[in-house]
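Student: structure for this input, please:
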Amino acid sequence: MKLSCEKYLLLQTSQLRANICSSREGEQLLISEDFLPSNCITFSTDCSSIAGVLPKGLENATSAKELAKTIGANDLRALRTRITLERIRGAPILSAPGGGYFLPDDGEKGVKEAELFLKVMDARTRTTAEVTEAARRFIGR
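Tutor: Take a look at the predicted model:
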């Protein structure tokens, strides 16, 4: 059973991360039966590839609004979901601290861009863990 892009975008990103089976068969993604009521189903990636349209280099970052328009995403949430999916599948899509998305440049410049991205994402992860701690204490975890 194939899902359309529209139906796929209704899936929650956090659930998606936890339920990807894995696939390197062409451009298909398998989603486990824990996620949807069936065996593993395939998601056809006839949607435009985000990594395929992004420029290289931080200085060339494309705004989320422009990128959504380019790939035909209905809204920014749908765009972020598709970016997450491509990242999970291995695309090195980076986001700029001031906004926008891009692929790392070649060589040492690209390494520095990826390191900056990781620094921002790691800080975000730490903050999320800190702000959820009160709720964890409340429920006894």
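
Student: against which helices or strands is the lengthiest helix in the chain packed?
Tutor: Using DSSP state H, we find that the single longest helix of the chain is helix 107-139. With contacts taken as 3 or more C-beta pairs under 8 Å, 6 or more residues apart in numbering; DSSP states H and E, helix 107-139 sits against strand 94-95. Where you see a C-beta, it was placed from the backbone N, CA and C, and this is true even at glycine.

Student: touching the helix or strand just after the strand it packs on from outside, list them.
Tutor: Per DSSP states H and E, strand 94-95 leads on to strand 101-102 as the next helix or strand towards the C-terminus. Contact partners of strand 101-102, identified using C-beta atoms under 8 Å, 6 or more residues apart in numbering, comprise 50, 54-58, 60-62, 64, 67, 83, 93-96, 113.

Student: can you list the weak-confidence ranges in the protein?
Tutor: Along the chain, the model assigns pLDDT under 70 to residues 1-48.

Student: domains for it, by residue range?
Tutor: 1-47, 48-141 (automatic domain parsing).

Student: now residue 65: closest residue in space that isn't a chain neighbour?
Tutor: residue 76 (7.2 Å; C-beta to C-beta, 6 or more residues apart in numbering).

Student: that neighbour: neighbouring residues, count only.
Tutor: 12 (other C-beta atoms under 10 Å).

Student: who's in contact with it?
Tutor: Here residue 76 is in contact with 64-65, 68 (C-beta under 8 Å, 6+ apart).
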